[in-house]
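# build the 3D model from these lines:
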Amino acid sequence: MTAIAEAAQRALLRPMPRSIGSFGFAARYVSATHEALVGGDLYEAIGTPGGVRIIVGDARGKGLDAVQMAATVLAGFRHAAVREPSLTALATDLDNVVTSVSGDEDFVTAVLAEFRDDHSVTLVNCGHPPPMLLARADSGRVMDTGEPEPPLGLRPAPNLVTHHLPEGARLLFYTDGLVETRDRDGAFFPLTERAAALRTGSLEDALDGLLAQLADHVEHQITDDVALVLVERQPSHDELGVDHRS
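Sure thing, here's the model as predicted:
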């Protein structure tokens, strides 16, 4: 059943586009060790008329039930991301989707983001770990996503928080398997201390390096699924010195 659930989950997570508009993307999904059941980690990125919208989330529970819930949320996101006028409307739509199919104890933590051509990002957080900003001026810091709200399925009242992204800034989205994994002494993975390595190299190499550090931390015994999405603000034509008049 674990193998079936893992295969189903991998089929749901479409390859992340390398770039949409002025933003680059990379994603990784790592399954837990065979002693643990796979969970409902999910991610997606879609270009819309209002900007690039992404979701990173985690359905409560393990196994096929969690994978099925993740599939429902992804289907809802793919449909509503290009239709809803704002992230708050999108979050409300997804909350209704989860509520319509969930049991009393089911929910999905999720963070939604909208990246626009003015180099801003707007965030809505429904009970999920906030993303981490990696800019040239600092090694990494957790981004403000406003007052904490309940997960999808528990009637959140979504808040919009908008930030400017400096040139070359990177934004790491992740599920709780990254920060709640413990080593043999009970210590959590120190993401803030390790995040500086995400500032350099390609997006793909940066995520591979972070996962290698996580594997070393837990001696290759990862006990929860981990989903990662790394986004980079790429230089515009003007910043590259391109003359649009030519």
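
# for Val30, what are its contacts?
Gly177, Leu211, Ile222, Asp225, Val226, Ala227 (CB atoms under 8 Å, 6 or more residues apart in numbering). (C-beta placed from N, C-alpha, C; glycine too.)

# backbone phi and psi for it, please?
Backbone torsions for Val30, taken as degrees, to the nearest 10, come to phi -120, psi 120.

# what distance do you get for it to Gly209?
Computed as CB to CB, to the nearest Å, the Val30 to Gly209 distance reads 13 Å.

# and Ala113, by the same measure?
23 Å.

# could you tell me the model confidence score at Gly127?
pLDDT recorded at Gly127 is 96.

# any idea what sits nearest it, other than its immediate chain neighbours?
Pro151 (3.5 Å; CB to CB, 6 or more residues apart in numbering).

# same check, this time on Met69
Met69 sits nearest to Ala59 (CB to CB, 6+ apart), 3.9 Å away.

# which parts of this structure are strands?
Along the chain, counting by DSSP state E, strands occupy 19-20, 23-30, 39-48, 51-62, 108-115, 120-126, 132-134, 141-142, 161-164, 170-174, 226-233.

# can you put the ones you listed in TSV and add distance to Ala7?
Formatted as TSV, the strands of the chain follow (distance: least, CB to CB, whole Å):
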stretch	distance to Ala7
strand 19-20	27
strand 23-30	12
strand 39-48	14
strand 51-62	15
strand 108-115	21
strand 120-126	28
strand 132-134	30
strand 141-142	34
strand 161-164	37
strand 170-174	23
strand 226-233	16
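
# which one of these lies nearest to Glu204?
strand 23-30 (5.0 Å; CB to CB).

# can you give me the angle the closest one makes with strand 226-233?
For strand 23-30 against strand 226-233, the angle by axes from the mean of the first three to the mean of the last three CA atoms, to 10 degrees is 170 degrees.

# Leu160 contacts Val124, doesn't it?
Yes - counting by CB atoms under 8 Å, Val124 is a contact partner of Leu160 at 6.2 Å.
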